[in-house]
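A.B. asks: model this:
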Amino acid sequence: MNHRSSTYVQYLVNTIGAAYHDLAGIESSEASPGMVLAISFLDYPEKGLLTGFTYGLSEMAHPDWKNLSKPELTITVKSTDIHWVHAIGYLVEWHRATHAFQPGSLFQYGRPVAADSAMDSFLVFNPVVGQGDEFREISLGNDKIELMGVFPLYHDEVSLIQKIGIRKFTGLTEYSLFSVTRPDLSALYKVGGG
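C.D. replies: Down below sits the predicted model:
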């Protein structure tokens with residue numbers, strides 16, 4: 001880890017008040033940006049939840065990142081399988097040179113993310129970790145890190161969101177924010193083609 005990534009990880013540990021459960025390094029396919037980190041915390045923000053963070057996206061530059069804020073990703077799921085956190089690390093590694101990871105971004109992972117779910121896609125939106133402003137903006141030297149929440153989806157829910165929008169989708173009765181075993185809403189809510 002470099003100084004910047006060490007400072008970021010230490011900020012997470014201090015803010016959460018517990019040591020991380022797992023810290024995985026994902027080797028970069030590019031020489032310059034370096035390794036992506038996937039940092040996992042169990043039982044945060046409450047017992048039974050797994051919360052993870054990436055580091056490595058903010059090492060990049062993108063014209064859509066305004067006001068010196070750069071994104072990193074965070075995920076919170078009702079699971080103990082750290083593959084959820086590793087998966088968002090891989091998303092960063094695969095797309096950080098070409099994608100801004102702005103709210104509303106949709107990604108298909110290509111296979112089920114973890115053994116406890118058939119979900120294989122993700123929505124980037126507003127973060128939900130923490131109880132206050134401690135994760136709203138993280139200062140790292142001259143940069144500010146803005147956490148973007150990542151929410152797991154079933155494959156065909158990507159098309160459903162594209163048709164009805166994020167707000168309607170997350171407002172559906174069967175939607176559950178942290179569940180990785182909730183029903184596939186694309187099977188329950190058929191939307192006409194076009």
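A.B. asks: burial check on residue 115, number of neighbours?
C.D. replies: 8 (other C-beta atoms under 10 Å). (Glycine included, C-beta is placed from N, CA and C.)
A.B. asks: give me the nearest residue to it, chain neighbours excluded.
C.D. replies: Spatially, and ignoring its direct neighbours in sequence, residue 115 is nearest to residue 81 (6.4 Å; C-beta to C-beta, 6 or more residues apart in numbering).
A.B. asks: with residue 45 instead?
C.D. replies: Closest residue to residue 45 apart from its sequence neighbours, by C-beta to C-beta, 6+ apart: residue 129 at 6.2 Å.
A.B. asks: do residue 38 as well
C.D. replies: residue 89 (3.3 Å).
A.B. asks: which residues touch that neighbour?
C.D. replies: 24, 26, 36, 37, 38, 54, 56 (C-beta atoms under 8 Å, 6 or more residues apart in numbering).
A.B. asks: check residue 120 too.
C.D. replies: Shown in contact with residue 120 (C-beta under 8 Å, 6+ apart): 108, 109, 110, 111, 112, 113, 154, 155.
A.B. asks: so which of the residues you listed are in strands?
C.D. replies: Under the assignment DSSP state E, the contacts of residue 120 contribute residue 108 to strands.
A.B. asks: now do the SS call for the spatially most central residue of the chain.
C.D. replies: Closest to where the C-alpha atoms of the chain average out (C-alpha atoms, centre = their mean) is residue 150, at 3.3 Å. Three-state call for residue 150 (DSSP: H, G, I helix; E, B strand; the rest coil): strand.
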